[in-house]
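In: Predicted model and sequence follow; I will ask about them next.
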Amino acid sequence: MDGQMLTVAALIAVTIGLWATGKLPEYLTALMFFAAAMVLAVAPASVIFSGFASAAFWLVISGYVIGVAIAKTGLAARAARLLTSRFANSYPRMVFGTVGLTYAFAFVMPSNMGRIALLMPIILALAERVGFGEGRAGRNGLALAVAFAAFQLSASVLPANVPNLVMAGAIETTYGLHLSYVPYLLLHAPVLGILKGIALSACILVLFRDRPEASGEIEPATPFTPAEKRLAFLLIVTLGFWLTDSLHGIAPAWVGLTAACLCLLPKVGFVTGEEFGKEVNHRNAFYVAAILGLAALAGHSGLGTAIGNAMLKVAPLDPSAPFTSFASIAGIAMLLNFAVTSNGVAALFTPLAESFAKASGLPLLTVLMIQVISFATPVLPYQAPPIVVAMGMGKIPFAAVLRLSLLLAAITFLILLPLNYGWFAILGWL
């Protein structure tokens, strides 16, 4: 490494260290990252502040606005009343139902942030109805069921999250290979979708034990208010545009931003300027922008490639030991997650995959698919921006998120990774 790269490495290490330990507020660490990067002149401003130009940042803003509108109009409470009849008498059923519902949305809504924005207010309203107030273990568990299912399980559905799209684009650009929806789903959904969803639910039930206090009886239905009708129509149109993005070519972020603008319009909208200032979590938006800028800086400086090449030299890749190679490659991708977060792993890992394939004897496409296990399994919360956003929306303590992240990551790499290897072998990918 030259002096410039060492400076970048130190800056990234300090920033990640502050995020991981929580010694300073996340937004303050983010602002300090921006300031230090510009003062040290480690990259152009277009790289450092690229997070503000990314679709993910604007999905954060629009997601918050839509979430506030859903809660304010009463749609969240109405949906919670409907869910109460099926789930409220049993906390396990609430957890499994929330995880299943969130995963199902991944098939119809190609945006982690959008799913969290729609579902979090509904699930929090359900938690309130059964007596899970702020700070209760049950409330944290239900909110985390949305957060983790929205990000981690959606990795098994090709167009359902940002890291998948980054990976598909990098694979096409680097190797000229095109990923198909159904083969990808068949490869990843059984283990990283269904089995991991069961593991996630079990972890929440163990870490956040609670018992609902309300009876779960449904209140008499009331007519939809004009505001509810307007917002319901807007959400249906927004979902329609999200579902058909391959036809009209408008990215989900800009569809969501348009919906947010309509929610903010005076008289016809649902969220006032004061509510936009108070209810929308701008601090988390800065945090997400800094995470994306950090990933861009690592790629621009060459640090990510240097780290990958260094790990390649010491990784135990051996054609005669395919499982060891499989696990080692997953471990390398997992380590990259610490440096550039989930959104940046694919951009750094994909160009290195051909070297890993030659050293391990595994097919190139298999090596490329192994990374999904890793970028879909954040060990620390900051590695997944959607989980960070959900933390803010659900007001979930950092310690609670960290406990679930560590436990689910351990189960994934100790139990689900061998099962994934076996499933790859059954499908003939090894």
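Out: Everything's here; your move.

In: any residues touching stretch 197-206, and which ones?
Out: Residues outside stretch 197-206 that contact it (Cβ atoms under 8 Å, 6 or more residues apart in numbering): 91-92, 95-96, 99-100, 103, 141, 144-145, 148-149, 152-153, 404, 407-408, 411-412, 415-416. Every residue, glycine included, has its C-beta placed from N, CA and C.

In: Surely L317 touches S325?
Out: Yes - taking contacts as Cβ atoms under 8 Å, L317 lies within contact range of S325: 4.8 Å.

In: Give me the common contacts of these two.
Out: With Cβ under 8 Å, 6+ apart as the test, L317 and S325 both reach 359-360.

In: Can you list the buried residues in the host helix or strand of P92?
Out: Following DSSP states H and E, the helix or strand that holds P92 is helix 91-105. Using 16 or more other Cβ atoms under 10 Å as the burial criterion, the residues of helix 91-105 that qualify are 91, 94-103, 105.

In: Could you dump the residues you listed into TSV and include pLDDT and distance to G135?
Out: Below are the buried residues of helix 91-105 laid out as TSV (pLDDT from 0 to 100; distance: Cβ to Cβ, whole Å):
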residue	pLDDT	distance to G135
Y91	91	16
M94	90	17
V95	94	18
F96	94	23
G97	90	22
T98	91	19
V99	94	22
G100	91	26
L101	86	24
T102	88	22
Y103	92	27
F105	81	27
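
In: For the longest helix belonging to the chain, give the mean pLDDT please.
Out: Ranked by number of residues, the top helix in the chain under DSSP state H is helix 322-349. Confidence for helix 322-349, expressed as mean pLDDT, is 84.

In: Check which element follows it along the chain.
Out: Later in the chain than helix 322-349, the nearest helix or strand by DSSP H and E is helix 353-360.

In: That next one: how far from the chain's middle?
Out: 28 Å (Cα atoms, centre = their mean, to the nearest Å).

In: which residues are contacting it?
Out: For helix 353-360, with Cβ under 8 Å, 6+ apart as the criterion, the contacting residues are 175, 312, 315, 317-319, 322, 325-326, 328-329, 332, 362-364, 366-368, 371.

In: what angle sits between that helix and helix 322-349?
Out: Per axes from the mean of the first three to the mean of the last three Cα atoms, to 10 degrees, the angle that helix 353-360 makes with helix 322-349 is 160 degrees.

In: Show the average pLDDT along helix 353-360.
Out: This predicted structure assigns helix 353-360 an average pLDDT of 86.

In: Export the buried residues of helix 91-105 to JSON lines and append columns for distance to P190.
Out: Rendered in JSON lines, the data for those read as follows (distance: Cβ to Cβ, whole Å):
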{"residue": "Y91", "distance to P190": "27"}
{"residue": "M94", "distance to P190": "25"}
{"residue": "V95", "distance to P190": "21"}
{"residue": "F96", "distance to P190": "18"}
{"residue": "G97", "distance to P190": "21"}
{"residue": "T98", "distance to P190": "21"}
{"residue": "V99", "distance to P190": "16"}
{"residue": "G100", "distance to P190": "15"}
{"residue": "L101", "distance to P190": "19"}
{"residue": "T102", "distance to P190": "18"}
{"residue": "Y103", "distance to P190": "13"}
{"residue": "F105", "distance to P190": "19"}
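
In: with those in mind, which one is nearest to I61?
Out: Within the buried residues of helix 91-105, distances to I61 taken as Cβ to Cβ reach their minimum at F105, with 20.2 Å.

In: quick one, what contacts that closest one?
Out: When the contact criterion is Cβ under 8 Å, 6+ apart, the partners of F105 are 115, 118-119, 150.

In: and these, which of them are in helices?
Out: Members of those lying in helices (criterion: DSSP H): 115, 118-119, 150.

In: For T15, state which of those residues is nearest.
Out: After measuring the ones in helices among the contacts of F105 against T15 - Cβ to Cβ - the closest member comes out as A150, at 24.9 Å.

In: Tell me which residues touch the closest one, please.
Out: By Cβ under 8 Å, 6+ apart, A150 lies in contact with 102, 105-106, 112, 115-116, 119, 386, 390.
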